[in-house]
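Visitor: no sequence on this one, just coordinates:
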C-alpha cells in the first residue's frame, strides 16, 4: 500500500491559486494589479505587464487568423497598461513556434501586432524566436506614469460610483457567431461585423487614462474586464475590502444581444470576458464628469458599499437580488 | 500536377533568418543588439530584453532541475542587460504549463529565479501563468542606463582589443558531464562541480558595466557569448563592418578541459555556447586597465582589423590560420 498523498498539481489550484502561491517570490507592493509599478525617478514610474497566449488555449485557427492573434496579443497587454492608468512605451515579443509553421504565419502575426500598436503610438522594442512543439506568444509591455495617476484595484471606497467604459458581452457574442454562424442569422451584416470585431480586434481603452488625467480625480480604483465584468467588480471589491451593488438594468449590453434571451445576454455580459473595457470605482462627481466624454455604451452601473458582498439588484423587482461569485468566471485551468 | 511551390517554413530560414524577416516590424534603431534601448528622460534610457526557454529545447529534466531552469532563465536575461552595459531593475515571468505539473515544480522554478535575482539586487515585477501542453518560460527583463554607456555590437573599430571576461567551454563541458558522466572520471570532484555549475548556474557579468563605468571608456562594443565565443566575435564584426584576428593560444579555456583533445577543447570554447561571458571590443589602453580588475580567466584574445574576415591565428605556426564562420554556431532551428 502506498499511502503517500498525491502531489498537488497546477490544475488542482487553478490560475488564481497558482498565482497566490507565487506571490511570496515577488515584492509585496508589486502584487495584485493588472501590472506592476516600479519607481524609476522622482515623479516617474514604469508600469510593466506580461501575458502569454497559447495556441489551442487562448486562440484557435477556427476563430482567429494570425493577424488577429497578433492584434489580440498587443491589445491584451495594452489593456493592462490602460487599466493601471499608464501610457504605453513599447513591448517585447517572445515567440515559440514549431519549425513547420509557414513564415507567412509569423509575418501576419507581427503585422497584426504592429497594426494594433500603431493605433496607440507604440512599438515592438525586442523579440525572441525559438523552436517549440506549440505556438506560444509571450508579450511584455511597459508604459510610463506619474505615481499619483496609478489606478489600483485596492483604492475603492464606499460611496464610489462604478463606471464601465463600454458595452459588455459583445466579445462573447462575436465568438458565438464565429463558432456557430447560424446563431446570428437574424442580425444585420453591420451587427455581425461589429460583434466579430469586438472579439477579434478588441480596443484597449488607452483613451481613458488621458481623460482621467485631465479631470485630476486624485483617486481612482479599477481594472480591465478581460476576465469578465463580474470578475472585475469582485476583484476590485476583494482588493479594497468593500462590497458593491450593481443595477442589472444599467449594465450596458449591445443591442444585437436582444436576439438572445435576457438571461443569456446577462450571462455573457457578466462572465463572457474579453471585452477589454475598464471598470472603475471613483467619486460620483468624477464619474459624472467622465461619462459624457466616453463613447456610447459607457455607463454607471452601481456603487461601492460597506461590506464584502457584491449584489446584482433588479430595480424593477422582477428578479431577486443575487450575489455574484467568482466561481462562474473564466479560469485558465 | 500541383506546381505550387511549397510555402517557406520557419525551419527553412532558421532563427537568424526569421529574426531578419521580422526586423521590418521594429523601429530600425532598436534592432541588432542583445536588448533594445528606449530613451525615457534626458540622460536616462530603459534597456529591455526578452528570452523564451522551452522544455525539451532549452532545458531537459535529464540535466536541469526546476530551480536550475529558473536560475538560467534569469541569468540569460540579466546577461543580455549586462551585454548592453545596463543595471537591472526587474523582470516579468510568463509561464505556460501543463495542468498535471506538480505545484512544487513551479515553486522551485521561482526559487531558482529569485536565487539568481537576489545576487544582482533585482526582483520579479510581474507574471502570468497559463495552461499549455508544454512548459515554456518567457522572461522579459529591463534595466536602466545612461545613453553614453550603452554597449553596442556595431561600435567596434580597427585597432580595438578584443577582451573576453572569462573562460569559454566550461558550460559545454559541464553539459557533457551531465549527459556522459564517464567522460569526466579523471577530473577532481572540485573540477567536476565547477564545470557543472558553469552549465547549471551561469553568472551574468553585471559587474563589468560597473567597472567600465569607472573607466569612462567613451566607446565600447560588445555582446555576450551565450551563443558561443565565435558567434559573438562574428556578430560584432558583422555589425561594425570590420574583421578580427583571434590568437588561438590566448583563448581562455578551463584547465579541466586538458582532459580532452586540444581540438575538442577549442571547439567547445568557440562554439559550445552558454558561457554568458562578455566579449568586448575597446581601445587597447582601456582593455589593459579593465583586465586586472576582472577575475582569473579574463583575457585579451585578439584585435579588430580592417576587412570583414574573422581569422583564428596560431602564433606557434603549428596550425594554419582558419576563418571562423557562423555555420558551426548554435542555431535554434
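Guide: Ah, there it is. Source: prediction; values computed, not measured.

Visitor: residue boundaries of the helices in chain A?
Guide: Applying DSSP state H to chain A gives helices spanning A:10-22, A:66-84, A:103-119, A:170-179, A:189-200, A:207-215, A:229-240, A:262-271, A:284-290.

Visitor: Most tightly packed of those?
Guide: Comparing the helices of chain A by mean neighbour count (mean count of other Cβ atoms under 10 Å in any protein chain shown), helix A:66-84 comes out on top with a mean of 27. From N, CA and C alone the C-beta is placed, and that goes for glycine too.

Visitor: Now do that one against helix A:229-240: the angle between them, please.
Guide: With axes from the mean of the first three to the mean of the last three Cα atoms, to 10 degrees defining the directions, helix A:66-84 sits at 30 degrees from helix A:229-240.

Visitor: pLDDT on helix A:66-84, on average?
Guide: Helix A:66-84 carries an average pLDDT of 95.

Visitor: so it versus helix A:189-200, what angle?
Guide: Going by the same axes, to 10 degrees, helix A:66-84 makes 70 degrees with helix A:189-200.

Visitor: So which other helices or strands are in contact with helix A:66-84?
Guide: Packing contacts for helix A:66-84, counted by 3 or more Cβ pairs under 8 Å, 6 or more residues apart in numbering or on different chains; DSSP states H and E, involve strand A:44-54, strand A:87-97, helix A:103-119, strand A:136-145, helix A:189-200, strand A:221-224.

Visitor: Looking at the ones you listed, spot the one closest to residue A:76.
Guide: Set against residue A:76 and scored by Cβ to Cβ, these come closest in strand A:44-54, at 4.9 Å.

Visitor: and the closest one with helix A:66-84, angle?
Guide: Angle of strand A:44-54 versus helix A:66-84, following the same axes, to 10 degrees, is 140 degrees.

Visitor: centre of the chain versus strand A:44-54, how much separation?
Guide: Put simply, strand A:44-54 sits 13 Å off its chain's centre (Cα atoms, centre = their mean, to the nearest Å).

Visitor: Tell me who's in contact with the closest residue to residue A:112 other than its chain neighbours.
Guide: Nearest residue to residue A:112 in three dimensions, chain neighbours excluded: residue A:70, at 2.7 Å (Cβ to Cβ, 6 or more residues apart in numbering or on different chains). Neighbouring residues of residue A:70 by Cβ atoms under 8 Å, 6 or more residues apart in numbering or on different chains: A:108, A:109, A:110, A:111, A:112, A:113, A:114, A:115, A:116, A:137.

Visitor: picking that back up, can you list the helices of chain A in CSV and add distance to residue B:147?
Guide: Shown next, in CSV, are the helices of chain A (distance: least, Cβ to Cβ, whole Å):
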stretch, distance to residue B:147
helix A:10-22, 35
helix A:66-84, 24
helix A:103-119, 24
helix A:170-179, 42
helix A:189-200, 40
helix A:207-215, 28
helix A:229-240, 38
helix A:262-271, 48
helix A:284-290, 38
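
Visitor: wait, which of the ones you listed is closest to residue B:63?
Guide: helix A:10-22 (22.9 Å).

Visitor: which strands and helices sit next to the closest one?
Guide: When contacts are defined as 3+ Cβ pairs under 8 Å, 6+ apart, helix A:10-22 packs onto helix B:103-119, strand B:123-131.

Visitor: Would you mind telling me which of those is nearest residue B:221?
Guide: When the helices and strands packed on helix A:10-22 are compared by Cβ to Cβ, helix B:103-119 sits nearest residue B:221, at 26.6 Å.

Visitor: Test for you: state the pLDDT assigned to the residue nearest the centre of chain A.
Guide: For chain A, residue A:226 is the residue whose C-alpha lies nearest the centre (Cα atoms, centre = their mean; 2.1 Å). On the pLDDT scale, residue A:226 is placed at 93.
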